[in-house]
Structure formats: C-alpha cells, structure tokens
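Chemist: Structure of the sequence below:
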Amino acid sequence: MTSDSDNKTATTLDDKTVASYLKDHPDFFDKHLDLLALLRVPHPSGDAISLVERQIDLLRQQNRGLEDKLMELVNIARDNQRVTDHLHTLAKELVEADSLSDAVTATRDVLREQFGLEVAQLHFYEGVSNHTEATISQNQRIAHFGEISQERRPICGHVTPQQRDIVFGEERFQVKSAALVPLYQGENIGILALGSSDEARFHPSMGVFFLSQLSALVSSSIARHL
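Modeler: Residues are numbered from 1 along each chain as shown. Next up is the predicted model:
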C-alpha cells in the first residue's frame, strides 16, 4: 500500500527537473505538438502568449539584432574603404613630390583636406634634416618622445601636455583629440602630429592599423629626399 507522502514525492516535479528533462529531450514537443498551443509564457508587455508566438517574437528580435550588426559592419567597411581611398590619394601625391618640401606639403594638405583634420604637423628630429619644418630638439626627444621613438607605434589619445605644446604650438587650443605617428626608415626621422576638434576622433582604445600604414607611406617618401 502506497502512502500519501510517497504519492506526493512521485508526482511532484520542480522547475529544475522539468527544465533538465526538456534539455535532455529536445524532441519532446515534436511528439506532443498539441502542447505548444496550450503553453503560455510571459511577454515583456505583461500579457501571456503561446510558446509559438514567443518563439516568433524572439526570432524577430534576433533578426533585428542581426540587421543592426550587419549595418554596423557595412558602416565599418565603408569607413575603411574611405580611409584606403585617402591613403591612395596621398600615395599618388607623394610619388609626384620632387623635393622634401613638396612631400611635406602634400602630406599636410591631404591629411587636412581628405581626412578632415584641423591640424597636421610634421616635425623632424634635430640633425635629421635642414628643412625649415619645425624641429624637435635632442633634449625634447629624450624627455618627451623617447617611448614613441623606441616602440615606433602610433599613440592615440594619450598625448601629454608637453608633447601637445611641442607638436601643435599655437594650434594646440583647437585640438580636442590627437594622435602621434612615428616616422622612421631605418633611423628615426620625426613625428607626424594629427589633431582634431572632435574629442572622439582619436582615443586610446582605437586600432592603429591605418595610422601604421600612414607612417610607412610618409616615412618612405620623406626618406627619399633626406
């Protein structure tokens, strides 16, 4: 004879047990299609809807998420293509440059006109060139540009007040975000300083792939005229 407590133990299922069973038997509703129309699940609106309706709603949300992600990727691709086109324009200008002065002017003009930068300044390290472009003294290089000279990697966002004063001069007041691009061809050549009035244009977490491409392009051209 079975007691009431035994019956209660045998027939009572907690949520965890039911959930575990359904996970272990994903084909359960294939065998019990009639239950799909009977089950009710909560909805963010507060109303109860059928499981089928809930699945459709979730699929729609997933589709919207995928569409948003796809649009984000499309925009990134467009931005990348735009930058690539601008670099190509700069490359053509640098190939046509007949002198160091022409190369410096072409670099500055394309960066301002094509890339939309308010400030683009090229500075040579002391002793590298006799060009009239601003020069970074040996003492300034050691004190403020030692890391970028050694690592040869563009710096975005983390520009010190001293670096800002040296590379931007009087234009520093309109610069809200900046990037420093090392120029080198075997030996260190100097710094290409990029400044924008947009605070979000250059930031520490951004990638530096295109800035590295810019570095290689300008460095190669400048080195030909040194």
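Chemist: switch to C-alpha atoms for all contacts and neighbour counts from now on
Modeler: Will do.
Chemist: Can you find the helix or strand of this structure with the lowest average pLDDT?
Modeler: Across the helices and strands of the chain, mean confidence by mean pLDDT, DSSP states H and E is lowest for helix 4-11: a mean of 49.
Chemist: contacts for the helix or strand just after it?
Modeler: Downstream of helix 4-11, the first helix or strand assigned by DSSP states H and E is helix 15-24. Contact with helix 15-24 is made by Phe28, as judged by CA atoms under 8 Å, 6 or more residues apart in numbering.
Chemist: could we number from 862 for the rest of this?
Modeler: Right, with 862 as the first residue, what we last looked at is helix 876-885.
Chemist: Beyond helix 876-885, next helix or strand please.
Modeler: helix 889-892.
Chemist: Now that next one: buried residues?
Modeler: Residues of helix 889-892 classed as buried: none (neighbour count, 16 or more other CA atoms under 10 Å).
Chemist: now do stretch 1049-1063
Modeler: Asn1049, Ile1050, Gly1051, Ile1052, Leu1053, Ala1054, Leu1055, Gly1056, Ser1057, Ser1058, Arg1062, Phe1063.
Chemist: Just the element for the closest residue to Ala1039 other than its chain neighbours, please.
Modeler: Take Ala1039 and drop its neighbours on the chain: the residue closest to it by CA to CA, 6 or more residues apart in numbering is Gly1056, 4.5 Å away. In this structure, Gly1056 sits in strand 1048-1057 according to DSSP H and E.
Chemist: what angle do whatever helix or strand comes next after that strand and strand 1048-1057 make?
Modeler: Note on strand 1048-1057: by DSSP H and E, the next helix or strand toward the C-terminus is helix 1070-1085. Computed by axes from the mean of the first three to the mean of the last three CA atoms, to 10 degrees, the angle separating helix 1070-1085 from strand 1048-1057 equals 130 degrees.
Chemist: what mean pLDDT would you report for helix 1070-1085?
Modeler: Helix 1070-1085 shows a mean pLDDT of 94.
Chemist: For it, which residues meet the burial criterion?
Modeler: Buried, per 16+ other CA under 10 Å, within helix 1070-1085: Leu1072, Ser1073, Leu1075, Ser1076, Ala1077, Leu1078, Val1079, Ser1080, Ser1082, Ile1083, Ala1084.
Chemist: Please consider this matter closed, and thank you.
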